[in-house]
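J.: sequence unavailable; structure follows:
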């Protein structure tokens, strides 16, 4: 019993170390004098100051945020529709759910190439902002749907009957009863949409056209042997701090609404 | 239409409904007076829940019929525009709203101002003996408290008819007894018309002004609890009311409520219970409640049989005894708790405790 406890605890600790040590290491490097050496040391803010004066990353960041907001909204709406509809189906429920979730198993670069060919030559969509939004949506939707189904598959439709019985119109039933109760799934769907889009690289490579997103910018900068690389450490550290703060805030909010 | 007498609270005419090939309701006729407490009983699948859902508007009868509440046709109205309120079996309280917000909900959707609905919700909670609990979360309430909140939420809208779907279904036995009396008292004070569906025989008998027994979508009997229990019109109703000792035979003599039936095990006397007058020569049934069977009968018991005690279950105040006869097993409740296993006993029942009726066609 004690051994099992030890194994479980050290296993958990190991996983947490694997997650957080590189993050902390990057943060330390970003304030180090010799970041490219891979070792921290000699505290300096010179890279952060350089990042503030270098404006190259600003436009990619704005594009990424715009795309991520669009994807989050699309994910919320689509997951709400599919998540409400699927549990009411009988025979079609399982096959349709599987069809929605199947894209999870296809490698990102493969999807990217397929989407490029499909959008460009079949649908005639120009590569750029909207092709990025669509390809990120295709990637994030299964996650958003799972988040939604967790809530909708346990939703008690008797509550809507009760509301109708008390005189609530279909619109009142949706806004006052169903929406608040589905909110955790909805917030989860939006959160997945935003974060998965904001960090997406493999599909973006194929469908970005002339648009540069933040991951594409990071990737391009990191893979060239330019003197700009230390700035990427700073940028990524800032992004990690910001997205962690956003996630914590949302999870907190979620906890309050579902109490 | 007569203008001087108000129309009855509910009129149901030839209401029929089916799920695919399965008949749920078959030409149901029902009338409920204002202020009446009507209980619909029946085994599962008898259509009682379908009937309640049709009254509330959650389902539309697909085989025709009419439904009027207070004289107005209801079938074209959606549930949110019908003057009824339901207390659901599992209460269906909104988990994201507080107790107060739950009770206020029916007023909120009607556009009643906040101070006014606060006051009315407080009043309803007061009546349900839950004063000052507005801020509580639903998850913090006990089963009995949830039921009271569900009642307060339904009553606050002042419905013409209050529908109760197995209102005691989710409660423990002692709590049921207390709430039965409470609901009955409340219904009398407020004068609300109540229609409840239940499969609990005791609460149906104890609470109702009138009892409707449903079987396979048809009204089998519609009468006062006392009549249904003491004069069940069919063998099914007799069995449902607990008169489980039954025999079949041929009616041999009939007159003035007293009839005799000739069965394989002899001739027995009893009270006529059929809907139409008894006719000698027709097939009939005999039914006696286990409580009315007496072991070691005296001369007052004109009906007697002999049986071997196969099992006896101690039940505190008495024992439930299974007597095997050559005409089937009889159950008796006996005040005697001595072990009787294996012994041959005479048992009997009086003609007054014995019900005889027409054997239904089925």
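T.: Alright, I've got the coordinates. Every value quoted in this text rests on a predicted model; they were computed, and no experiment measured them. Residues are numbered from 1 along each chain as shown, chains lettered A, B, ... in the order given.
J.: is it fair to say residue B:305 lies in a helix?
T.: No: when classified by DSSP: H, G, I helix; E, B strand; the rest coil, residue B:305 is found to be strand rather than part of a helix.
J.: check what pLDDT it gets.
T.: On pLDDT, residue B:305 comes in at 87.
J.: quick one: it from residue B:326, how far?
T.: Going from residue B:305 to residue B:326 by Cβ to Cβ, to the nearest Å gives 9 Å. Using the backbone N, CA and C atoms, a C-beta is placed for each residue, glycine as well.
J.: how near is residue A:154 to chain B?
T.: 11 Å (Cβ to the nearest Cβ, to the nearest Å).
J.: more crowded one of residue B:305 and residue B:326?
T.: Per other Cβ atoms under 10 Å in any protein chain shown, whichever of residue B:305 and residue B:326 has more neighbours is residue B:305, with 22 against 10.
J.: does the more buried one really touch residue B:332, like I thought?
T.: No: if you go by Cβ atoms under 8 Å, residue B:305 and residue B:332 don't touch, sitting 10.6 Å apart.
J.: find residues that contact each of these two.
T.: Among the neighbours of residue B:305, those also in contact with residue B:332 (Cβ atoms under 8 Å, 6 or more residues apart in numbering or on different chains) are residue B:347.
J.: give the next helix or strand downstream of the helix or strand encompassing residue A:73.
T.: According to DSSP states H and E, residue A:73 maps onto helix A:58-85. Of the helices and strands lying after helix A:58-85 in sequence (DSSP H and E), the nearest is helix A:93-101.
J.: by contact count, what packs against the helix holding residue A:73?
T.: helix A:129-152, helix A:179-198, helix A:214-223 (3 or more Cβ pairs under 8 Å, 6 or more residues apart in numbering or on different chains; DSSP states H and E).
J.: so which of those gets nearest residue B:296?
T.: Across those, residue B:296 has its closest neighbour in helix A:179-198 (63.7 Å, Cβ to Cβ).
J.: show the average pLDDT along the closest one.
T.: On average, helix A:179-198 scores 90.
J.: buried residues of it, list them for me.
T.: For helix A:179-198, burial by neighbour count (16 or more other Cβ atoms under 10 Å in any protein chain shown) applies to A:180-198.
J.: so which bits of chain A are right by chain B?
T.: Counting by Cβ under 8 Å from any Cβ of the partner chain, chain A comes close to chain B at A:156, A:158-159, A:161-170, A:172, A:176-177, A:180-181, A:257, A:259.
J.: can you flag the buried ones in those?
T.: A:159, A:161-168, A:172, A:176-177, A:180-181.
J.: part of a helix, is residue B:85?
T.: No: applying three-state DSSP, one finds residue B:85 to be strand, outside a helix.
J.: and the stretch 151-300 of chain B, which residues reach chain A?
T.: Checking the stretch 151-300 of chain B against chain A by Cβ under 8 Å from any Cβ, the hits are B:153, B:154, B:157.
J.: ChimeraX command for the buried members of these?
T.: Only the buried entries of these go into this ChimeraX selection, using 16+ other Cβ under 10 Å:
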select /B:153,154,157
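J.: of the residues of the stretch 151-300 of chain B next to chain A, which is the nearest to residue B:190?
T.: residue B:154 (11.5 Å).
J.: residue B:150: what's it in contact with?
T.: With Cβ under 8 Å, 6+ apart, residue B:150 has these contacts: B:87, B:88, B:91, B:92, B:93.
J.: I misspoke; the intended subject was residue B:212.
T.: Listed by Cβ under 8 Å, 6+ apart, the contact partners of residue B:212 are B:30, B:38, B:39, B:40, B:41, B:219, B:221, B:222.
J.: just residue B:34 next, same as before
T.: By Cβ under 8 Å, 6+ apart, the contact list for residue B:34 reads B:6, B:8, B:9, B:191, B:193.
J.: now it: how far from residue B:48?
T.: Here the criterion is Cβ to Cβ. By it, residue B:34 lies 22 Å from residue B:48.
J.: just residue B:61 next, same as before
T.: Here residue B:61 is placed at a distance of 15 Å from residue B:48 (Cβ to Cβ).
J.: between those two, which one's more packed in?
T.: More crowded of residue B:61 and residue B:48, by other Cβ under 10 Å: residue B:48, with 27 against 21.
J.: need the contact partners of stretch B:296-307.
T.: Against stretch B:296-307 from outside (Cβ under 8 Å, 6+ apart): B:265-266, B:268-270, B:294, B:323-325, B:327, B:330, B:344-351, B:354.
J.: so, low pLDDT: which residues of chain A?
T.: A:1, A:225-228, A:253-259 (pLDDT under 70).
J.: quick one: which of the contacts of residue B:150 is nearest chain A?
T.: Closest approach to chain A among the contacts of residue B:150 (Cβ to the nearest Cβ): residue B:92, at 3.8 Å.
J.: number of residues surrounding residue 72?
T.: As the question left the chain open, I've gone with chain A. 24.
J.: you looked at the wrong chain, it should be chain B
T.: The burial count for residue B:72: 12, using other Cβ under 10 Å.
J.: pLDDT score assigned to it?
T.: Per-residue confidence (pLDDT) for residue B:72: 92.
J.: buried residues, the helix holding residue A:73. List them.
T.: Those buried within helix A:58-85 under the rule 16+ other Cβ under 10 Å are A:60-61, A:63-64, A:67-76, A:78-80, A:82-84.
J.: now find how far off-centre that helix is within its chain.
T.: 9 Å (Cα atoms, centre = their mean, to the nearest Å).
J.: again with stretch B:242-261
T.: 25 Å.
J.: report the buried residues of that stretch.
T.: Going by neighbour count (16+ other Cβ under 10 Å), the buried part of stretch B:242-261 is B:242, B:243, B:245, B:247, B:249, B:251, B:252, B:254, B:259, B:260, B:261.
J.: what helix or strand is the fourth one on?
T.: Read it as residue B:247. strand B:245-255.
J.: ok, and what's touching the helix or strand just after that strand?
T.: With elements assigned by DSSP H and E, the helix or strand that comes after strand B:245-255 is strand B:258-263. The contact list for strand B:258-263 (Cβ under 8 Å, 6+ apart) reads B:247-254, B:267-272, B:278, B:284-286, B:327, B:351, B:356.
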